[in-house]
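Peer 1: Can you look at this prediction? I've put the sequence above it.
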Amino acid sequence: MPLSLLAALVAAALYAGFQWTVQVVVYPQMTPVSARSTEDFPAYEAAHQRRITALVGPLFVLLALGSGWLLVDRGPVPWAFAAVSGAMAAIVVAVTGLLAVPAHRALSTRWDAIAHRRMMHADRIRVAAASVQVVVLAVAAATL
């Protein structure tokens, strides 16, 4: 297996695991927290943003490096696998910037159920893209 494929697969798997945890554990707990104290929710959201950024920032870097390396140095990996992997990583980053970040900004000022639903929707897209990327890369690895 080319090192570029291994790096892309590891980075994608790490990110997908993170994203599934956020989807299943982190974001759903925001609703009960807001129900207990809407006044304290902005502080909760600010703490969430600080802590999650310390984790997701390096994961985004790994995801970009792994996906980019595979696109540049595929070795025997067919172009389609590398292209789909890169596209899924791009979707994750775009959805984060265009949908999730604005929802988090809205939630940083006050609890907003509509912003929370938008954030959950954005996260489902990221989970799907991250999962597709892992499957595509695993299939690529298995077929070499």
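Peer 2: Looks like it arrived, so ask away.
Peer 1: List the buried residues for the helix or strand hosting Ala35?
Peer 2: Taking DSSP states H and E as the criterion, Ala35 maps to helix 30-36. By neighbour count on 16 or more other CB atoms under 10 Å, the buried set for helix 30-36 is Met30, Ser34. In short, each C-beta sits where N, CA and C put it, glycine included.
Peer 1: what's the average pLDDT for it?
Peer 2: For helix 30-36, the mean per-residue pLDDT is 85.
Peer 1: That helix - contacts with which helices or strands?
Peer 2: helix 41-72, helix 113-143 (3 or more CB pairs under 8 Å, 6 or more residues apart in numbering; DSSP states H and E).
Peer 1: residue farthest from the centroid of this protein?
Peer 2: In the chain, the residue that sits farthest from the middle, by CA atoms, centre = their mean, is Glu39; the gap is 28.6 Å.
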